[in-house]
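Peer 1: Following is a predicted model, sequence given first.
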Amino acid sequence: MFFPKKMTQDFAYSFDIPFEEKFFQVKDLRIHSLYFKTLDPKGLILYFHGNGCELSQCALSAVELVKKTGWDVFIIDYPGYGKSEGDIKSQEQLELIARHALNEASAYDFKKIVVLGRSLGSGLALGLAYYYEQSQKIEDPLNPPKALNFPFKFKKAIDAIILETPYFSIRDLALAQYPFVPAFLLKYPFRSDLIVSDVRAPIFIVHGVEDALIPIDHALRLKGLNQNITLVKIPKGTHDDLATFPIYWTELNQFLNSL
């Protein structure tokens with residue numbers, strides 16, 4: 001499920017736009033991130049990448065986002081990926097890292113914020129938005145429910161969520177591929193289907209019609225659970241090539257400009 005690749009701490013990233021490296025602490029782990037900034041940003045995109053690359057590769061998508069949308073991008077590496085310490089232990093660990101990432105992103109000056117998740121990261125992005133929205137509904141901030149007791153520094157609304165090649169749930173994806181669900185997948189169910197209907201921020205989903213890894217049926221079923229979802233289907237698009245289609249950028253920029 002996870003394909004981490006470690007990088008040495010002195011590895012020098014090279015991109016053709018300005019960026020800065022940042023580490024932040026989540027319990028006993030140092031998590032690595034990159035921040036890409038444009039001159040006059042329209043907002044900030046908090047990016048959660050897929051399971052098969054670390055920032056020397058995944059951040060190329062972030063660079064393209066900056067160039068083609070005019071938004072800043074803050075992207076993190078998961079434990080064991082790139083320069084981030086440790087190993088992935090559980091879904092709860094990844095969700096905690098996502099909440100800290102939102103706090104780290106809040107340190108930057110921006111007008112709007114969008115949470116983007118690609119493939120594996122789609123469940124993290126949606127889960128973060130759901131958890132944050134629920135935490136803002138607490139009636140007694142001095143005595144919040146234990147499940148929502150996270151010290152968010154971020155105080156604004158999340159303006160939108162972008163999900164690229166999302167799954168209905170990891171559990172559902174596994175059931176379609178295995179006669180029984182492997183035990184390790186039970187640790188990472190990522191039940192996007194159980195929370196998507198309660199997310200209030202607008203959601204933009206883009207999915208390839210010919211995606212063989214996560215079939216487009218997952219996106220169609222998610223859309224059926226929330227009327228506030230814009231779904232863009234990319235004809236001939238597969239799992240890893242959506243950004244090569246002009247319609248991807250046309251529809252994405254149209255959505256971002258509407259916020």
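Peer 2: Received the coordinates, thanks. Fair warning: this is a prediction, and the values are worked out from it, not measured in the lab.

Peer 1: Helix, strand or coil: sort out residue 206 for me.
Peer 2: What DSSP: H, G, I helix; E, B strand; the rest coil gives for residue 206 is strand.

Peer 1: With adjacent residues omitted, what lies nearest to it?
Peer 2: Residue nearest to residue 206 in three dimensions, not counting chain neighbours: residue 232, with 4.6 Å by CB to CB, 6 or more residues apart in numbering. Just so you know, the C-beta spots here come from the backbone N, C-alpha and C atoms, and that holds for glycine as well.

Peer 1: After the strand or helix carrying the one you found, which helix or strand is next? Please name it.
Peer 2: Taking DSSP states H and E as the definition, residue 232 sits inside strand 229-234. Next along the chain after strand 229-234, taking DSSP H and E as the criterion, comes helix 246-257.

Peer 1: Please report the distance of residue 13 from residue 158.
Peer 2: Applying CB to CB, to the nearest Å, the value for residue 13 to residue 158 is 27 Å.

Peer 1: These two: which is more packed in?
Peer 2: Between residue 13 and residue 158, residue 158 has the larger neighbour count (other CB atoms under 10 Å), namely 23 against 13.

Peer 1: Can you check my assumption that that one lies in a strand?
Peer 2: No. Remark: residue 158 does not belong to a strand; assigned using three-state DSSP, it is coil.

Peer 1: and it, what does it touch?
Peer 2: 113-115, 129, 132-133, 201 (CB atoms under 8 Å, 6 or more residues apart in numbering).

Peer 1: now with 7 Å?
Peer 2: Residues near residue 158 by CB atoms under 7 Å, 6 or more residues apart in numbering: 113, 115, 129, 132, 201.

Peer 1: repeat for residue 83
Peer 2: 7, 9, 11, 32, 77.

Peer 1: one more time with 10 Å
Peer 2: 6-11, 13, 21, 23, 30-34, 54-56, 77 (CB atoms under 10 Å, 6 or more residues apart in numbering).

Peer 1: ok, now residue 195?
Peer 2: 123, 126-127, 129-131, 133-134, 169, 225-226 are the contacts of residue 195 under CB under 10 Å, 6+ apart.

Peer 1: show me where pLDDT drops low in the stretch 151-259 of the chain?
Peer 2: 179-186 (pLDDT under 70).

Peer 1: where along the stretch 101-250 of the chain do the helices fall?
Peer 2: Per DSSP state H, counting those that start in this stretch, the stretch 101-250 of the chain has helices spanning 120-135, 170-177, 192-195, 217-223, 246-257. These are given in chain order.

Peer 1: so which of the ones you listed gets nearest residue 205?
Peer 2: Of all the helices of the stretch 101-250 of the chain, the one in closest proximity to residue 205, counting by CB to CB, is helix 217-223 (5.0 Å).

Peer 1: Can I get the closest one as CSV, trimmed to CA atoms?
Peer 2: The C-alpha atoms that make up helix 217-223 are tabulated as CSV, following Å, rounded to 0.1, in the frame of the first residue of the first chain:
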residue,chain,number,x,y,z
ASP,A,217,-17.0,4.5,-10.5
HIS,A,218,-15.4,5.5,-7.2
ALA,A,219,-15.7,9.2,-8.2
LEU,A,220,-19.3,8.7,-9.5
ARG,A,221,-20.4,7.2,-6.2
LEU,A,222,-18.8,10.0,-4.2
LYS,A,223,-20.6,12.6,-6.3
